[in-house]
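Enquirer: Any chance you can model this:
(2 chains)
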Number of protein chains: 2
Amino acid sequence: MERTARRLAELRKKMVETGIDLVALGPGKHTQWVLGFHTYPDERPAILLISRLSEAFLMPALNAEDSRGQTSVRLFPWEDAEGPDQSLADALEFIGARGARKVAIDETMRADFALLVLDSLPGVAHEFTLPTVGALRMRKDRAEYDILKENARINDRAMQAGMAALRPGITEREVADVIRAQFTQEGAKPLFWIVASGANGAFPHHHTSDRVIGPGDAVVVDIGGQKGEFPSDMTRMAVVGDAPEGYQEVHGVVEAAVQAALSAAKPGARACDVDRAARDVISKAGYGDFFVHRTGHGLGLDVHEPPFITATSQVLLDEGMVFSIEPGIYLPDRFGIRLEEIVYLRADGPEILSELPRDLHVAAG
Amino acid sequence: MERTARRLAELRKKMVETGIDLVALGPGKHTQWVLGFHTYPDERPAILLISRLSEAFLMPALNAEDSRGQTSVRLFPWEDAEGPDQSLADALEFIGARGARKVAIDETMRADFALLVLDSLPGVAHEFTLPTVGALRMRKDRAEYDILKENARINDRAMQAGMAALRPGITEREVADVIRAQFTQEGAKPLFWIVASGANGAFPHHHTSDRVIGPGDAVVVDIGGQKGEFPSDMTRMAVVGDAPEGYQEVHGVVEAAVQAALSAAKPGARACDVDRAARDVISKAGYGDFFVHRTGHGLGLDVHEPPFITATSQVLLDEGMVFSIEPGIYLPDRFGIRLEEIVYLRADGPEILSELPRDLHVAAG
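Expert: Okay, here's the model as predicted:
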């Protein structure tokens, strides 16, 4: 409860700074950040409403008892038989937000939840939560660093297990199974396991398949797990036997892009500066058209959260921010290469959480 | 592709009937229903846009290659560096929807996706998809029935395995593990596994815990798994040893409510008629305040989908609709009782998909 009180106070300070009268959060990570829990996510509107004065939780009646054990926030339950409209009006009245002029909407919540709030406040302006909740969630404290670091080390070992399993004849899915088992063994829940071999590597979000890995395949391994409050996320590259033609040159370009981004990532830099540093390296090498995604994303309660490291983001990087640096080059019908680190930004620059080198892993062909 | 063409034609007929100019669907089940797949769901806007004339898919560039292999819908990719605004405008232009006056918004999509569409169409009115996509998804054909039936039978066996494991000293989680293993063994993915014993049963959405089950506990078991396109969902009750005081009477009331709802569920009845039939039984027995949720929900690509069987739903039930009937009574600090069937509505009434009796399972105490 102490943490909740502190976070509500921080949030209200941001609300005043940004001219927000009301913050509306759905079941999910923003609510979890504020309250330490979030309620059951289904199609029944459940919305945490925070004004500058007070807070209220619009809640399906059938989850109210359960939630009362977890929060002291005043609940406004509604029953399936009546629908949420009256309880929402009561909740807005209770927190003095019937006249709200500018609301911060949880961008991740269901469209019908958001429009329920917006349609009940005629003429209200909306923005999303990046300047308020997002800005606060971006900075991680020492205790949060410790959890992230532990997860990064577990990921290192899961990656090593996957790399050790690579051999001609194994399928992508079998490699992923080894990785998932290692996460599980260490008490972490496997969250994602992209194993993209050969031409599959050219799809950044490849769905790990039953493709049999063979000699001459490059393999992208992008995995994450979660133990405790925060996840991990890391990408490494392997080849089985001899690398495909042209591989080494492109790998070198991606590695140089990672290093350029690491050098640019300092408190006071803009997120777009880090993206540009990586992108310039890749563009100058002639592969600009094949780096089809942003350079990175924040990591915390969500695997993807602010700060997003994009060409247009003006977010000022600051101490305590945690984000990925993961440039990639994707050559259709040939291979893909991505190298990804998660960094914790310190006064003197980024600390890489992983202790596993980015070197290409070469499995016997 | 043939199925997609048929479904688009059905959808356009509904659009004309309901005065909708544009349907906007996010990554998720509505898009899956139309196209047979949906794209990678993350914070990057990915929206299927359907006008009365044509369709377009706003798509993050990094998922475009992958999607091209799965759909012939014209893609409008956007890169992280530029953001989605221009591609969205181009897509709306392409399908002739720049002047749309009424849009059906996928109620499940992220708030920022929905507001991206709405904010780009000044003055547009919105509704959700129940009258269009929802109305079509409610009816299941023979092939879909077969998948649902198979899943119901798998659920029967998972339930039986869980019931067989019940004994004093076992924890809720251990019972859930047995159930999950049975689903997995039959090639189904376990989706949810509520095992709520003793006073935990009074929370309809209890999180299965490490509580040790003991003599005199009533146990709610509400489980679902999925093999193929559709899931299962069923709730049965057990007691360990002697039932708690008052249990049998309340169980009888819930059973009578199930039977009343089954009798009321006929083509041409309104969803609220079915809810009222169950609710009346429970209210007349004096437990109305303890039946805190609706009587049921549709089941299909989503575990919860229309038709919702609520006190206010005017949806006309029709042949081929599939929904749950699941009244419950929740007595705080004592126990909860819920009995749930999934039915397929036929001309002469509901066919229960499960073949497992609803009788109370009595485990040795």
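Enquirer: what about A:Asp119, neighbour count?
Expert: When neighbours are counted by other CB atoms under 10 Å in any protein chain shown, A:Asp119 registers 12. All C-beta atoms are positioned from the backbone trio N, CA, C, and that covers glycine.
Enquirer: For chain B, see how far away it is.
Expert: As for A:Asp119, its distance to chain B is 9 Å (criterion: CB to the nearest CB, to the nearest Å).
Enquirer: Contact partners for the closest residue in space to A:Val258 that isn't next to it in sequence?
Expert: Excluding its sequence neighbours, the residue lying closest to A:Val258 (CB to CB, 6 or more residues apart in numbering or on different chains) is A:Leu339, at 5.2 Å. Residues in contact with A:Leu339 (CB atoms under 8 Å, 6 or more residues apart in numbering or on different chains) are A:Thr235, A:Arg236, A:Met237, A:Val254, A:Glu255, A:Val258, A:Glu326, A:Pro327, A:Gly328, A:Arg358.
Enquirer: Among these, which lie within helices?
Expert: Assigned to helices by DSSP state H, the following of the contacts of A:Leu339 qualify: A:Val254, A:Glu255, A:Val258.
Enquirer: returning to that earlier point: keep only those of the contacts of A:Leu339 that are in strands.
Expert: Those of these mapping onto strands are A:Thr235, A:Arg236, A:Met237, A:Gly328, per DSSP state E.
Enquirer: filter those by proximity to chain B?
Expert: If you filter the ones in strands among the contacts of A:Leu339 for contact with chain B, counting by CB under 8 Å from any CB of the partner chain, you are left with nothing.
Enquirer: Pull the most distant pair out of those residues.
Expert: Checked with CB to CB, those reach their widest spread between A:Arg236 and A:Gly328, with 12.2 Å between them.
Enquirer: relative to its centroid, which residue of chain A is most remote?
Expert: Relative to the centre of chain A, the most outlying C-alpha is that of A:Ala81, 37.0 Å out, by CA atoms, centre = their mean.
Enquirer: From chain B, how far out is the residue nearest to A:Val258?
Expert: Using CB to the nearest CB, one gets 16 Å for the distance from A:Leu339 to chain B.
Enquirer: Got phi/psi on that residue?
Expert: According to degrees, to the nearest 10, the main-chain angles of A:Leu339 amount to phi -130, psi 130.
Enquirer: same question, A:His205
Expert: Main-chain dihedrals, A:His205, degrees, to the nearest 10: phi -110, psi 40.
Enquirer: I'd assumed B:Ala61 was in contact with it.
Expert: No. The pair A:His205 and B:Ala61 fails to qualify as a contact (CB atoms under 8 Å) at a distance of 11.3 Å.
Enquirer: residues in contact with the closest residue to chain B within the stretch 151-300 of chain A?
Expert: For the stretch 151-300 of chain A, the residue positioned closest to chain B under CB to the nearest CB is A:Arg294, at a distance of 3.8 Å. Contacts for A:Arg294 were tallied using CB under 8 Å, 6+ apart; they are A:Asp275, A:Phe308, A:Ile309, A:Thr310, A:Ala311, B:Asp80, B:Ala81.
Enquirer: now do 7 Å
Expert: Remark: with contacts taken as CB atoms under 7 Å, 6 or more residues apart in numbering or on different chains, A:Arg294 is in contact with A:Asp275, A:Phe308, A:Ile309, A:Thr310, B:Asp80.
Enquirer: now swap in A:Glu351 and tell me
Expert: Taking CB under 7 Å, 6+ apart as the contact definition, A:Glu351 lies against A:Val343, A:Tyr344.
Enquirer: and A:Leu11, what does it touch?
Expert: For A:Leu11, the set of contacting residues under the criterion of CB under 7 Å, 6+ apart consists of A:Val23, A:Val34, A:Ile50, A:Thr132, A:Val133, A:Leu136.
Enquirer: Contacts only, for A:Met234.
Expert: Applying CB under 7 Å, 6+ apart, the residues near A:Met234 are A:Asn155, A:Met159, A:Ile223, A:Glu340, A:Ile342, A:Ser354.
Enquirer: did I read that right, A:Ala196 in a helix?
Expert: No. Secondary structure assignment places A:Ala196 outside any helix; it is strand (DSSP: H, G, I helix; E, B strand; the rest coil).
Enquirer: what helix or strand is the closest residue to it other than its chain neighbours on?
Expert: Setting aside the residues directly before and after it, A:Ala196 is nearest to A:His206 in space (CB to CB, 6+ apart), at 3.8 Å. Taking DSSP states H and E as the definition, one finds A:His206 inside no helix or strand.
Enquirer: Now the one helix or strand A:Tyr330 maps to - C-alpha only, PDB.
Expert: In the assignment (DSSP H and E), A:Tyr330 maps to strand A:328-331. Written as PDB, here are the backbone C-alpha positions of strand A:328-331 (Å, rounded to 0.1, in the frame of the first residue of the first chain):
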ATOM      1  CA  GLY A 328      18.600  -6.200 -37.600                       C
ATOM      2  CA  ILE A 329      19.000  -6.800 -41.300                       C
ATOM      3  CA  TYR A 330      16.600  -9.100 -43.100                       C
ATOM      4  CA  LEU A 331      17.400 -10.400 -46.600                       C
END
